[in-house]
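[1] One predicted model, sequence on top.
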Amino acid sequence: MLLERENELARIRAALDAAEAGDSSLLLINGPLGSGRSALLRRIPELAGDGTRVLRASAAWRERDFPFGIARQLFDHLLSGAGGAGPAERTAGAEHFSRLMDTGDRPTGTGPALEVSQAVLQGAQALLADASAERRLLILVDDLQWADGPSLRWLAHLTRRLHGLRALLVCTLADGDHRGRYPLVREVAGAAHTVLRLAPLSRDATRVLLAGPQGRPPQDALVRAVYEASRGNPLFLTAFRSALRATGRPPGGDHFGAVRELSPTVLRDRLAGHLRIQPQPVREVAVAVAALGDHSDPVLLAQLAGVDEIGFAGARRALVDAGLLARGRDVRFVHGVVRDAVDSLLTLDERERSHDDAADLLYRCGRPAEQVAGHLLAVVHPGRPWSEAVLRSAAHNALRAGRPADAARYLRRALLHHRTQDGCRARILVDLATAERALDPDACVRHVSQAVALLDTSRDRAAAVLRIPPSLLAAPSPSAVELVRQAAAGLDEPGQRDEEGADELALRLEAWLRHSGHENPVELASSVARLRRMGARPPVDSVAERELVAVLLSAGALSGRLSAAEIADTGNRILEREPATAAHAHTPLPLVMLSLFVAESVQGVASWLASEQHTRRRYATGADDVLLTAERAFVLVTQGRPAAAREHVERALVMDAGDWSEPAVMMFAAVAFELRDPALSERILERIRDRRPAGLALTATGQMLQAAVDVHFGRGRDALDTLLACGRRLETVGWRNSALLPWRPYAIGLHQRLGETDAALQLAEDELRWAREWGATTNLGRALRLKGWLLQDEGLDLLRESVEILRASSYATELARTLVVLGRRLPGGPEAEAVLREAAGIAAACGVPWLAERAELGLGSAIVPPVATLTPSERRVASLVSRGLTNQAIATELGVSSRAVEKHLTSAYRKLGVSGRRELVNALPGR
């Protein structure tokens with residue numbers, strides 16, 4: 001199928017008409033590799049019709065030295081009758097032409113040989129004149145650049161004698177081929193009366209090519225991606241189309257990335273075949289570009305290719321003309337498949353040698369370590385004397401940029417280059433462990449263990465062991481615990497504390513070991529006792545002191561042995577001295593954040609996070625990004641901005657699940673609980689369901705998330721059993737803090753729903769008793785509300801006390817909940833109406849429409865909002881719309897079709913008198 005070649009076909013048709021009238025001509029079709037020259041040539045006989053004698057010949061690179069190869073194809077075609085010659089013509093012509101060709105095959109030179117050559121030329125001319133006497137001739141020659149010398153000499157002779165033949169000679173010539181610059185080729189091409197240069201296909205043509213089997217139109221994004229990747233080259237377009245059909249088109253998302261990754265075998269082999277027959281300078285420049293990469297310095301490319309400036313310019317021009325290099329200032333391949341084609345031309349040794357040479361060249365030119373290291377990764381042999389230092393430097397830079405995976409790759413290669421079991425290898429292993437702690441904790445521990453065996457001093461062994469990050473409420477590795485114990489014991493040996501920095505290392509090791517016992521009630525009590533021995537204001541000036549106090553503070557928060565005020569005071573002192581940096585996921589600092597969150601002291605955390613946004617992100621990894629997102633989401637919830645907090649959770653849900661640490665999971669779960677969003681709970685649960693090993697923090701959080709999902713699907717008894725089992729386990733290990741994992745408040749509500757009032761009241765008493773000891777306003781206010789709610793009319797005083805306490809809390813939604821309960825419990829009148837109106841206003845300001853609606857419904861039928869006329873399904877859909885979900889997302893969440901969602905929305909629009917989603921959101925209660 002020829003697309004967008006109408007102009008070319010019209011000019012060819014005009015040339016055919018002129019030939020019929022005796023005005024013969026040469027028409028030349030130019031274009032880069034894959035532009036469709038041959039396809040257009042094959043179409044021309046259809047235009048000529050039955051009254052034309054067609055002679056065809058295709059030149060081939062392997063037959064370029066076969067004398068008269070092209071001429072023989074043309075005349076054999078004529079003499080065999082395929083061109084339309086009659087029997088008499090064939091017999092006489094065959095004898096005459098055979099004699100001429102036989103003599104023309106002899107070596108030519110001067111004298112008689114030259115006369116024979118002239119006889120061949122004149123005989124061929126006479127034969128064509130006889131053939132065209134009755135019918136118009138159409139002579140087609142494909143790939144003129146590969147034609148043999150004698151045939152080119154004859155074609156040059158023919159182009160000067162076309163007059164009177166009633167013939168159209170059409171030749172194709174590839175751009176960028178070195179043989180296109182041969183004198184005879186240039187002589188034939190220069191005699192062309194008409195030159196057709198084939199332009200790239202347009203985006204519309206790309207759309208037609210990508211259409212499905214039933215003519216189904218392709219996605220606009222896919223059309224744009226394929227068009228830009230192929231630049232409209234028909235060869236690339238058809239290859240990409242076939243590859244996409246074979247592998248399946250990406251249904252959405254990154255079409256550009258998917259097309260960039262394509263490397264169709266047919267296309268790669270075609271490009272490799274073209275490169276294989278090019279002169280050595282052209283091939284060497286292509287290999288240099290493949291080795292050094294796109295956008296490389298032309299001077300460096302020339303040096304690596306071993307050509308001078310003029311030779312590089314010529315080779316580059318040939319590759320650009322052939323359509324393999326992009327036009328413009330930058331030297332880059334048009335697509336990654338070209339690089340694959342270049343690589344396919346090389347043996348493994350040749351490919352390794354090119355990267356080794358590239359690394360050496362870049363190193364001698366003083367290029368950045370990562371540029372050099374990228375080539376060293378492709379070199380298997382031990383490398384050059386400087387390779388190890390370059391790889392370590394590159395790893396350091398990658399870690400600073402937050403790319404631990406790249407750093408680990410560099411360091412693994414450095415280990416291959418350094419086989420000696422000595423201190424230098426130990427330092428490489430320690431650096432590798434540092435990179436792997438964000439990727440593979442088990443490998444991190446393994447490599448630290450190997451490094452410790454090669455280190456001489458206790459101080460060095462302790463520093464190496466501390467590269468293993470603390471477990472941060474996760475299940476610690478037994479081998480890691482043993483390594484840290486051995487390192488701590490080594491520092492306790494006589495004389496070891498005399499070394500500079502040994503005391504700091506000992507404190508950090510103590511912090512690590514104490515936190516490894518966070519699921520042991522005895523260890524928790526010991527840690528709290530250690531903190532109390534440090535005084536009312538524990539020292540937090542050094543990094544080691546802050547790490548130890550952070551761990552001890554966490555033990556007090558988990559066990560509830562410290563009050564919220566004590567935790568807030570010490571935790572904020574740590575934050576005041578801790579530099580605001582994004583890279584803290586592998587330090588004990590998240591424990592401080594979590595402790596401050598449960599103590600309801602978030603102002604310092606908010607300021608710290610705001611300062612972090614303005615600092616340079618050094619050493620930050622994916623785990624750091626997830627943790628920072630969780631911390632910001634939690635702060636937003638405490639500031640009464642749950643909708644903004646949800647956006648942060650949604651952002652984290654597309655991040656790598658392997659980067660979700662236990663503190664981050666607990667913070668995300670707290671946001672889901674605050675939003676009362678079971679769908680969000682279920683999505684978070686999916687991210688952690690298969691995590692192994694799962695410590696208590698992750699298990700308990702998962703149980704609470706599962707309970708929220710069970711309640712949503714009407715499995716109240718299952719949810720209650722799950723929460724009670726969770727509570728029993730938490731109590732067993734000494735985690736008494738209900739602010740961290742609020743299982744009791746949710747169990748109280750479920751007991752009441754199931755008619756188990758006594759059990760609910762008993763849990764409410766326990767919760768209130770703990771909340772008074774803990775001292776945080778929100779937890780105390782919530783506990784008072786729950787007990788007041790259970791006591792019915794007798795609980796009015798508790799509800800009023802809850803309101804007064806919560807007015808001092810930053811959790812505005814908790815105040816709104818209590819006001820709703822109090823307003824509904826009060827007998828009708830001005831006080832109840834004022835309380836409910838206040839509740840509706842607070843809920844609306846916080847962006848919690850369902851709570852605002854509950855408040856407004858409690859105000860009475862006289863002011864029932866229009867949304868009350870909606871059915872439960874319509875209200876559910878409208879609520880999801882207010883959270884910003886699309887129709888498809890709503891359908892997925894509710895398990896219905898998009899059509900059903902549209903019907904509910906249409907009905908809601910009609911009942912509320914609105915015309916669209918924006919007006920619907922504004923019409924919801926609290927808006």
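    Cool, the structure landed.
[2] drop to CA atoms for contacts and neighbour counts, all remaining ones
    Fine.
[3] for the chain, what helix or strand is lowest in average pLDDT?
    Here the helix or strand of the chain ranked lowest by mean pLDDT, DSSP states H and E is helix 87-104, holding a mean of 55.
[4] next helix or strand past that helix?
    As assigned by DSSP states H and E, the chain's next helix or strand after helix 87-104 is helix 112-131.
[5] I'd like to check which residues are in contact with the closest residue in space to residue 340 that isn't next to it in sequence.
    Nearest non-adjacent residue to residue 340, counting by C-alpha to C-alpha, 6 or more residues apart in numbering: residue 268, 6.7 Å away. Each residue near residue 268 by C-alpha atoms under 8 Å, 6 or more residues apart in numbering is listed here: 337, 338, 340, 341.
[6] Can you tell me which of the residues you listed is closest to residue 421?
    Of all the contacts of residue 268, residue 421 sits closest to residue 340, with 38.4 Å by C-alpha to C-alpha.
[7] and stretch 599-615, which residues are buried?
    599, 600, 601, 602, 603, 604, 605, 606, 608, 609, 612 (16 or more other C-alpha atoms under 10 Å).
[8] Show me the shaky parts of the stretch 151-300 of the chain.
    Residues of the stretch 151-300 of the chain that meet the criterion pLDDT under 70 lie in 212-215, 248-254.
[9] now the strands: where do they sit in it?
    167-174, 194-197 (DSSP state E, counting those that start in this stretch).
[10] what would the buried residues of stretch 599-615 look like in CSV with secondary structure and distance to residue 669?
    Output for the buried residues of stretch 599-615, formatted as CSV (DSSP: H, G, I helix; E, B strand; the rest coil; distance: C-alpha to C-alpha, whole Å):
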residue, secondary structure, distance to residue 669
599, coil, 17
600, coil, 17
601, coil, 19
602, coil, 17
603, helix, 21
604, helix, 22
605, helix, 19
606, helix, 19
608, helix, 22
609, helix, 20
612, helix, 24
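[11] and the two most separated of those residues?
    Maximum distance among the buried residues of stretch 599-615 (C-alpha to C-alpha): 21.8 Å, for 599 and 612.
[12] so which helix or strand takes in residue 330?
    Judged by DSSP H and E, residue 330 forms part of no helix or strand.
[13] so it sits right up against residue 295, yeah?
    Yes. At 5.1 Å, residue 330 counts as touching residue 295 under the criterion of C-alpha atoms under 8 Å.
[14] ranges for the helices of the stretch 501-650 of the chain?
    502-516, 521-533, 543-559, 564-577, 589-598, 603-613, 622-638, 642-653 (DSSP state H, counting those that start in this stretch).
[15] Switch the ones you listed over to a markdown table; also include mean pLDDT and distance to residue 660.
    Shown next, in a markdown table, are these (pLDDT from 0 to 100; distance: least, C-alpha to C-alpha, whole Å):
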| stretch | mean pLDDT | distance to residue 660 |
| --- | --- | --- |
| helix 502-516 | 94 | 19 |
| helix 521-533 | 96 | 25 |
| helix 543-559 | 95 | 19 |
| helix 564-577 | 94 | 22 |
| helix 589-598 | 92 | 12 |
| helix 603-613 | 82 | 19 |
| helix 622-638 | 89 | 6 |
| helix 642-653 | 88 | 9 |
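[16] so can I have a markdown table of the ones you listed showing distance to residue 218?
    Shown next, in a markdown table, are those (distance: least, C-alpha to C-alpha, whole Å):
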| stretch | distance to residue 218 |
| --- | --- |
| helix 502-516 | 56 |
| helix 521-533 | 62 |
| helix 543-559 | 56 |
| helix 564-577 | 54 |
| helix 589-598 | 48 |
| helix 603-613 | 42 |
| helix 622-638 | 35 |
| helix 642-653 | 29 |
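[17] phi, psi of the closest residue to residue 202 other than its chain neighbours?
    Spatial nearest neighbour of residue 202, excluding adjacent residues (C-alpha to C-alpha, 6+ apart): residue 232 at 6.0 Å. The phi/psi pair for residue 232 (degrees, to the nearest 10) reads phi 80, psi 10.
[18] same check, this time on residue 823
    Per degrees, to the nearest 10, the backbone of residue 823 is at phi -60, psi -40.
[19] how many neighbours does residue 471 have?
    Residues contacting residue 471 under the criterion other C-alpha atoms under 10 Å number 22.
[20] meant to ask about residue 870
    17.
[21] Can you read off the pLDDT for it?
    Predicted confidence (pLDDT) at residue 870: the value is 70.
[22] Can you read off the pLDDT for the closest residue to it other than its chain neighbours?
    Among residues not flanking residue 870 along the chain, residue 908 sits closest, at 6.5 Å (C-alpha to C-alpha, 6+ apart). On the pLDDT scale, residue 908 is placed at 79.
[23] picking up where we left off before, residue 243: which of the helices of the stretch 501-650 of the chain is closest?
    helix 642-653 (31.3 Å).
[24] Of all the residues in the closest one, which ones are buried?
    For helix 642-653, using 16+ other C-alpha under 10 Å, the buried residues are 642, 643, 645, 646, 648, 649, 652, 653.
[25] so which of these would you say is closest to residue 368?
    residue 652 (33.0 Å).
[26] just to revisit the earlier point, Provide a list of residues in contact with the residue nearest to residue 870.
    Here residue 908 is in contact with 870, 874, 878 (criterion: C-alpha under 8 Å, 6+ apart).
[27] and it, how far is that from residue 390?
    65 Å (C-alpha to C-alpha, to the nearest Å).
[28] Likewise for residue 429?
    16 Å.
[29] Of the two, which one has the most company?
    Under the criterion of other C-alpha under 10 Å, the comparison of residue 429 against residue 390 puts residue 429 first, with 26 against 21.
[30] What separation do you get for the residue nearest to residue 202 and residue 207?
    Distance from residue 232 to residue 207, by C-alpha to C-alpha: 11 Å.
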